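**Q** starting from these lines, generate the structure:
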Amino acid sequence: MKSIQRFLITFAIAACAAAHAAVLDDMKDATPWKATASDQVKATVRRDVRDDSLCLDYDFSGVSGYAVLRRELPLDWPADFALTTQLKGSTSSNDLQIKLVDASGDNVWWVNRPAFDLPGTLTDQTFKRRHIAFAWGPTEDRVLKRSQFIEFVVVAGQQGGGGAGALCVGALNLDPREPAPATWPEPRRKLGGGEVTLDFQRLREFNGLWFASGAATRIEVSDDNRRWKLLSARPGRAMFLGEQEWRWLRVRYEGKKPPEVELRDAAQWPDRNAAVAETAKALPRGELPRAFLGEQNYWTVVGVDGGAQRSGLVSEDGAIELSRGGPSIEPAVLIGAPGAGLHPAFPPRGDGGLGAARRSPEADGRLVTWAQARAEHSLVEHALPVVQWRHAEVELRVEAAADGPAKDPKLLARYTLRNPTAKPQHYSLLLALRPWQVNPPQQFLSTPGGISPLASVNWANGALTATGVSIQPSETPTEVRASPWSSGPGLATLLQAPPLTHLLDVDTLPSTLMRFDLDIPAGESRRLGWMTGTGDTVPLDTRFALAAAQWRDRLGALELRLPPQAQPVVDTMRSALAQILMSRDGPALRPGTRSYARSWVRDGAMMVAGLVRMGETKAAQEFVDWFGGYIFESGKVPCCVDQRGADPVVENDSHGQYLFAVAELWRHSNQGQQDRALLERHWPKVQKVVAWLEALRQSERKPGADTRFFGLMPPSISHEGYSDKPAYSYWDDFWALRGYKDAVQIAQALGDTANAVRWAVSRDEFEADLTASIVATAQHYKLDHIAGAADRGDFDATSTTMALNPAQAENKLPPELLRGTFDRYLAEADARITGTKAWKDYTPYELRNVSALVRLGRVDDAHRLLAWFFTHQRPAGWNQWAEVVLPDARRVQFLGDMPHAWISSDYLRAALDLLAYERESTGSLVLGAGISPAWRAAGDIGVTGMSTAWGRLDYRLLKRANGGWTLHVDRRPERLPGDLRLAWPGTGLLPRANVESQQLAWQGRELPLPAGATTIQLETAP
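**A** Predicted coordinates for the structure are as follows:
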């Protein structure tokens, strides 16, 4: 029956290809359509008798999620087409998705329209083949050729979405179209009367116009050469128009020669960023950001603790983004006499402000931008970014900070201009407010990068204001000028633009220039700056000093003393802590402030683990309590939460992560007096979550099931590498094991013996099933390592690190498989490090392997790996990693957030393990397992204020001048159930150890320390 249905539809499409669209569904019969929804979302189907449309009524009930209208509709898709339907709705701000699903259900193509504003009456909507993208699935052929199901989906929007409403759908039609030619013929041209008319000989799709030379005064289009539509009465050189489809184009111009106009299609100019990029490449290098020149740029965050939503960004070149998705301020320096422009050869022009391209401003060395300067990067108090420009004739230091409450912080900027020459100099500091972000165009998740439209700019009462921002300079500029996009964004144009009071730009891309003229004696400096907001009278320098002091105090709870060559390890630990705090939005721990502006429990749980070990329990507790409020009534733990509420996507690592976060916070809470009230608050949720976890486990304990899958967590996409199709990921299972262990400990702490005993049985049973699965999977795929997923037999050592920490299950895993996993990982890592194997990219989540190698006693391997990771901190000096690292630092690619706070937590946990880590199986605390022989030989080691699961740890390993070392245990964790052990990494002879002349015995390369010992002498072996 289904094949007959497909044949009839395909025949109808073919028969109508030359004339009419095929009717896929007239929507008069509701029977084939079904409504479904995610957890706690309500969805029903009804017919609207007023217009015969079919309506999906939904109510998000205060959670995130989706509602789906779905039917089976087998289709073979033509080479090119237009899918048309009619839509209406009663709400806006939610996302609209049209999904096409193949017969397997695994492969999905979609049209995704975020924050789609549904009209109030049925309105025609057309979606062409190029609008339909491959969404996900395991297929290698991502071209849409056939589908089995169609879905209309409403997804809770990220900006004010959710709520209750309706999506109504009218007739659904498919119109086959003739594909566009590989090469379009040259248009027919008609000249006369100061205008040129281009006839493309058939309807032509285009997204914009580029004037290769000359300028237009008016642009019109037509599809019949009789009725004309005005596109622009004041066109600039680069005109992004959005989707257009016309046959005739008429351009009016002044002068004798018509302008050279070129069409830009959707592939060339998919968005306005592409139009800005083409403009940037026509200007002298340095006048627009490198992000628009096809070069990767790097950036960091600046903000206050908990203020992620209102944080700024600082680019490696010194531009400062004022708010999330907002505009930026870019510096440049003009060297010359007061009032001088770039060059007298640069009069205003009607060519989009590109007159400067005739002779570049830097040709005589008088204009300094990021392109002429050498940039250096550093941090004040490990948190506040600094960009230092070096140039023979001028130096510029750009500093950024923030202060104020998390819900309304103020961004601060300070510019120090120094004259490095031997004679007085006149400088003009140019600060340009630009309608684009530091976040570059290739960034697309959550906060699309690139342009930041501004309807208008204004200068009044000593403040520069634009859409959503207000900037108060610390001193009055010499002049403030502004130009619309049509005049061009070049600095030559801006310097000669009209003075600004108010400018309304129809293209919403104006640029504003604040110019500060400064006379600076030889070797001296001048400083000025700005802050966002108005009315604050506290001096800028005072505010910078206070911001630095606050971060110094906040990041200093854990005191570390390491040899000089290890100082980057310490500095990056403090910076990583600051990055986590700046990236959180109120209580919500987030991996970033732009691409990942939502809170995942997996990221949050691992950040909690890093925070508490650094002594930062306040932020950890705020997250755990906040996230606990979003657990579904069923006990299902959402993978993530954002302003829409709890996300229902099935990710089966979440449950163990929530249980771990609660237990880990409790283990480190109240400086030794564990917080029973914390457990009591979460106890009702804990019981529901364990019940949900247990139901998942039991669903896979079916008689006769394959040992590879028996008793595991069901397939999910929590492991990001399995987003194509849910998998039996051991990542999920290691987290589930951790969750069972922590549930038992929570129950014991609260005195609930019955649950503790019952859950311990589940824990042990699950651990046995997991071990059996790992062995069976290795046998099935003939592996010498632990697989990433039981149904894939793949390799992913970074995922397997979860078995060691936090699951602490290494003693339950086959030793040969565990060893084989990290042998292979190191072989592949060494190939990248030495350059014997080309690599495309990697993610610094791999820092987790440093911890794993330390715990496995492979300290040299851990340090070699860590040193390589440090080479990919970009830019050097900001102590951070992006989510994605490229071998070519300038290759353009999506990078995730910078810094990426989940990676910051991976680094924290790995770095802390170098100094001390817990061994759960024996209740031991192992000191110094990551202290390399080179560190020991170079100087003293000191740790003060490290939090452990059993209390605070302070110790010092001091190198004596006459040889040997002295270990001082200044504070032993008060709840330590086992022994304190000193590890001695390396292969050299072990030192003789004694306490008050009593010799101590080594166990392998670990030294158990007597319970009362506080000072241990370590003598170099003869």
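
**Q** from now on I want contacts and neighbour counts done on CA atoms only, so please keep to that.
**A** OK.

**Q** list the contacts of residue 413.
**A** 398-401, 529-531 (C-alpha atoms under 8 Å, 6 or more residues apart in numbering).

**Q** which among those residues gets closest to residue 812?
**A** residue 401 (48.5 Å; C-alpha to C-alpha).

**Q** how far away is the closest one from residue 571?
**A** 18 Å (C-alpha to C-alpha, to the nearest Å).

**Q** these two: who's more crowded?
**A** Between residue 401 and residue 571, counting by other C-alpha atoms under 10 Å, residue 401 is the more crowded of the two (28 against 18).

**Q** is it true that that one touches residue 412?
**A** Yes. Using C-alpha atoms under 8 Å, residue 401 is in contact with residue 412, at 5.0 Å.

**Q** what is the subsequent helix or strand relative to the helix or strand containing residue 830?
**A** Per DSSP states H and E: residue 830 is located in helix 815-834. Per DSSP H and E, the first helix or strand lying C-terminal to helix 815-834 is helix 848-855.

**Q** got the CA coordinates for that next one in PDB?
**A** Extracted as PDB, the C-alpha positions of helix 848-855 are listed here (Å, rounded to 0.1, in the frame of the first residue of the first chain):
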ATOM      1  CA  ARG A 848      40.700  14.800  30.800                       C
ATOM      2  CA  ASN A 849      43.300  12.400  29.600                       C
ATOM      3  CA  VAL A 850      45.900  14.200  31.600                       C
ATOM      4  CA  SER A 851      44.000  13.200  34.800                       C
ATOM      5  CA  ALA A 852      43.600   9.600  33.600                       C
ATOM      6  CA  LEU A 853      47.300   9.300  32.800                       C
ATOM      7  CA  VAL A 854      48.200  10.600  36.300                       C
ATOM      8  CA  ARG A 855      45.900   8.200  37.900                       C
END
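
**Q** just want the angle from whichever helix or strand comes after it to helix 815-834.
**A** As assigned by DSSP H and E, the chain's next helix or strand after helix 848-855 is helix 859-870. Helix 859-870 runs at 40 degrees relative to helix 815-834, counting by axes from the mean of the first three to the mean of the last three C-alpha atoms, to 10 degrees.

**Q** where do the helices of the stretch 901-1022 of the chain begin and end?
**A** 901-915, 933-938 (DSSP state H, counting those that start in this stretch).

**Q** circling back: just the buried residues of the helix holding residue 830, please?
**A** 817-818, 820-822, 824-826, 829-830, 833 (16 or more other C-alpha atoms under 10 Å).

**Q** turn these into CSV, columns for distance to residue 497 and pLDDT.
**A** What follows is the buried residues of helix 815-834, written out as CSV (distance: C-alpha to C-alpha, whole Å; pLDDT from 0 to 100):
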residue, distance to residue 497, pLDDT
817, 69, 98
818, 67, 98
820, 67, 98
821, 63, 98
822, 62, 98
824, 62, 98
825, 58, 98
826, 59, 98
829, 54, 97
830, 56, 97
833, 52, 96
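
**Q** just the closest of the residues you listed to residue 535, please.
**A** residue 833 (53.1 Å).

**Q** assess the claim that residue 969 and residue 954 are in contact.
**A** Yes. If you go by C-alpha under 8 Å, residue 969 and residue 954 touch, sitting 6.3 Å apart.

**Q** the inter-axis angle of the helix of greatest length in the chain versus helix 815-834?
**A** Criterion DSSP state H: the longest helix present in the chain is helix 753-781. If you take the same axes, to 10 degrees, helix 753-781 sits at 70 degrees to helix 815-834.

**Q** kindly check the end-to-end length of stretch 865-880 for me.
**A** The straight-line separation of the ends of stretch 865-880 (C-alpha to C-alpha) is 16 Å.

**Q** same check, this time on stretch 172-180
**A** 24 Å.

**Q** okay then, goodbye and thanks.
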